[in-house]
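*Asks:* Show me how the following folds:
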Amino acid sequence: MMTTIKATPGAAENNSPPTTAMYRRVVHVMCMFSLGIVAWSGFSLVQTDGKNRLLRGEGLGLEEATHNRDTVACSAARRHTQAVLENLPFRFYMYTDDRLTQKALIEDILHGPRGNDSEGKLAANVKRDADAEILVLQTLENHPMRVYKPKDADLFIVPLSAAAVVTRGKGKGHPLARKRFKEGFEALFENPIWKQTYGHRHLLLGLAAQIYAPHTAKQLEDFGLSQYYPLLENATIAKDFDSFASKELAESNVAPDFTEYFEQVGHPISKSTFSIGLLPAQDIPYIEASYDKWRQSSNFIFYWTKTFFVRESTPIRVAPLDEKVIKGLPKSSIGNNAEYEEWATNFKDSKYCLVIRGDTPHSHALLRSVKVGCIPVVISDTYPTYAPPFKSSLEMQDFTFTISEREFMKNPLKALKKLEQIPEDQIRDKIEALAFVQRVTLPDHPESLFVPSMLREALEAIV
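*Replies:* Residues are numbered from 1 along each chain as shown. Next comes the predicted model:
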């Protein structure tokens, strides 16, 4: 006998505060106009129009901000968002079929030998994001918002980590990956829940940029994954970037270096998708964001990088490595090719962490910085549009400082030294926001709001 599934999540949605989305937008506009829209000279302003979220103009003078109004508006927005997430009425059902959960594979990745047994660069690139997918699935598995009867669910979680399967494909031709994908998707497509919903309200994780994305479909044919893309049209996919925003960025040509790339990735395989950003690795320690932690950190700026990137990003990535820049700043940790222990020690002991565009506009450095309580300084003009983490609950300008690419390249040292001019109360505001962002973006936070935040994104993305 077929289980009856909720037709729509509407009933649950009607239990949420009726003005949640509108309240968030209105209050945040107040916050932007009192602080976010009034940045210091030389720093860019990333505004949104509610739809295209494209770039608009440059910053104004910091002295024009009315700080008390800033604090009230921004704090009110955060308190409201926190209340919404803590009381979110949505529930999810998680498939338990072994062909989807791949528990033996997950155990092997978590406790077996490190590294990949799949050949090729693609498998190596997705390893870090496979770890993130596994953490998210483990968090969902044990979360109190999970229900065990499909009829009680607003959303259905498909617990297949495609990134994990890709990393362990077993050599040339990836026969084991092909077998796992075949078994997993057969289990999904033959399930009565999938059949009854036609795949609607089903959430899959694609936290590696290469997974469930059109620009790498050819590469993933060898793994046996992309052949299933047409059948996932009605599903919702959690990604590390916003596919629909990518299409708009390509059409606007606002960032010529990336226009071709935006065009490649701006054709999502499903009708609904959303960005949660690039999650930090589990071995990055959580350090609560606080003003005391910030004040006691011995490094002014942290930035370590490799030295070659595509899409004209090499000059901007290596600009902070210039000897004049390093010598002109307060004690900082800046360089390349550090040993891990040195890198990790200095990373945890820094006030500001640079997040600079590379092969793509986004970077693991953003949420990595958030996790250790380091204020991110973003130098990537299209980042807030291309890959906003949890945009229904967060605004990047609340917890980051932004330097426009043009101003940074004009004079890197001058741009970075302006960080020394930020008043204490402005820093405290960023850190207060950063502490909230930690709860939203970190699955392993002791008071995590990650799961309700992701459910909210998914249900708002569904068409």
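
*Asks:* quick one, helices of the stretch 301-450 of the chain?
*Replies:* 314-318, 323-328, 340-347, 365-371, 383-386, 396-399, 405-410, 412-417, 424-441, 450-461 (DSSP state H, counting those that start in this stretch).

*Asks:* Looking at the ones you listed, which one is packed in the most?
*Replies:* Most buried of these, by mean neighbour count (mean count of other CB atoms under 10 Å): helix 383-386, with a mean of 26. The C-beta positions use only the backbone N, C-alpha and C, and glycine is treated the same way.

*Asks:* what's that one packed up against?
*Replies:* With contacts taken as 3 or more CB pairs under 8 Å, 6 or more residues apart in numbering; DSSP states H and E, helix 383-386 sits against helix 243-252, helix 396-399.

*Asks:* same for the longest one, what does it pack against?
*Replies:* What that stands for is helix 243-252. Judged by 3+ CB pairs under 8 Å, 6+ apart, helix 243-252 is in contact with helix 259-265, strand 272-275, helix 383-386.

*Asks:* contact partners of the first one?
*Replies:* It stands for helix 259-265. Contacts to helix 259-265, defined as CB atoms under 8 Å, 6 or more residues apart in numbering, come from residues 209, 213-215, 241, 243, 246-247, 249-250, 253, 255, 311, 360, 386.

*Asks:* Can you measure across stretch 211-219, start residue to end residue?
*Replies:* Distance between the boundary residues of stretch 211-219 (CA to CA, to the nearest Å) amounts to 10 Å.

*Asks:* Can you pull out the low-pLDDT segments for this structure?
*Replies:* 1-72, 112-124, 170-173, 307-310, 463 (pLDDT under 70).

*Asks:* Give me the distance between the residue positioned nearest the centre of it and Leu137.
*Replies:* The centroid of the chain falls nearest to Gly277 when counting by CA atoms, centre = their mean (0.9 Å). To Leu137, Gly277 is 17 Å away according to CB to CB, to the nearest Å.

*Asks:* ok, now Ser243?
*Replies:* Distance from Ser243 to Leu137, by CB to CB: 22 Å.

*Asks:* More neighbours: those two, which one.
*Replies:* Taking other CB atoms under 10 Å, Ser243 and Leu137 do not tie; Ser243 has more neighbours (24 against 21).

*Asks:* Verify the contact between the more buried one and Phe274 for me.
*Replies:* No: in this structure Ser243 lies outside contact range of Phe274 using CB atoms under 8 Å: 9.0 Å.

*Asks:* right, so of the helices and strands packed on helix 383-386, which gets closest to Glu424?
*Replies:* Of all these, helix 396-399 sits nearest to Glu424, with 16.7 Å by CB to CB.

*Asks:* May I have the closest one as PDB, with CA atoms only?
*Replies:* Extracted in PDB, the C-alpha atoms of helix 396-399 (Å, rounded to 0.1, in the frame of the first residue of the first chain):
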ATOM      1  CA  MET A 396      27.700  38.600   4.000                       C
ATOM      2  CA  GLN A 397      28.300  42.300   4.700                       C
ATOM      3  CA  ASP A 398      27.100  41.800   8.200                       C
ATOM      4  CA  PHE A 399      30.100  39.700   9.200                       C
END
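
*Asks:* From the chain's centroid, how far away is that helix?
*Replies:* Put simply, helix 396-399 sits 13 Å off its chain's centre (CA atoms, centre = their mean, to the nearest Å).

*Asks:* Looking at the helices and strands packed on helix 383-386, spot the one closest to Lys151.
*Replies:* helix 243-252 (31.2 Å).

*Asks:* who touches that closest one?
*Replies:* Here helix 243-252 has contacts from 52-54, 213, 255, 258-260, 262-263, 265-268, 273, 275, 382, 385-386, 388, using CB under 8 Å, 6+ apart.

*Asks:* Now do the strands in the stretch 151-300 of the chain.
*Replies:* In the stretch 151-300 of the chain, the segments counted as strands under DSSP state E, counting those that start in this stretch are 155-157, 202-206, 236-239, 272-275, 299-304.

*Asks:* a markdown table please, covering the ones you listed and showing distance to Phe92 and mean neighbour count.
*Replies:* Shown next, in a markdown table, are those (distance: least, CB to CB, whole Å; neighbours: other CB atoms under 10 Å):
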| stretch | distance to Phe92 | mean neighbour count |
| --- | --- | --- |
| strand 155-157 | 4 | 24 |
| strand 202-206 | 8 | 25 |
| strand 236-239 | 12 | 24 |
| strand 272-275 | 15 | 23 |
| strand 299-304 | 37 | 22 |
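
*Asks:* Could I get the buried residue list for stretch 100-107?
*Replies:* By 16 or more other CB atoms under 10 Å, the buried positions in stretch 100-107 come out as 100-102, 105-106.

*Asks:* what do you get for stretch 262-279?
*Replies:* Quick answer for stretch 262-279 (16+ other CB under 10 Å): 262-263, 265-266, 268-279.

*Asks:* Out of the residues you listed, give me the two with the largest separation.
*Replies:* Taking every pair in the buried residues of stretch 262-279 and measuring CB to CB, the maximum separation is 25.9 Å, between Glu263 and Leu279.

*Asks:* Contacts only, for Asp242.
*Replies:* 273-275, 385-388, 391 are the contacts of Asp242 under CB under 8 Å, 6+ apart.

*Asks:* And Thr139, by the same measure?
*Replies:* Counted by CB under 8 Å, 6+ apart, Thr139 has contacts 443-444, 448, 450-451.

*Asks:* Give the buried residues for the helix or strand harbouring it.
*Replies:* Per DSSP states H and E: Thr139 is located in helix 121-141. Using 16+ other CB under 10 Å as the test for burial, helix 121-141 gives 122-123, 125-137, 139-140.

*Asks:* Report the angle between it and strand 202-206.
*Replies:* In terms of direction (axes from the mean of the first three to the mean of the last three CA atoms, to 10 degrees), helix 121-141 departs from strand 202-206 by 140 degrees.

*Asks:* quick check, nearest of the buried residues of stretch 100-107 to Leu459?
*Replies:* Nearest to Leu459 among those is Leu100, at 21.4 Å by CB to CB.

*Asks:* Distance check, that closest one against Phe189.
*Replies:* 11 Å.

*Asks:* quick one on the thing from earlier: among the contacts of helix 259-265, the buried ones, what's the PyMOL command?
*Replies:* Here is the PyMOL selection string for the buried members of the contacts of helix 259-265, based on 16+ other CB under 10 Å:
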select buried, resi 209+213+241+243+246+247+249+250+255+311+360+386
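
*Asks:* nearest to Val158, of the contacts of helix 259-265?
*Replies:* Distances from Val158 to the contacts of helix 259-265, taken by CB to CB, are shortest for Ala213, at 16.8 Å.
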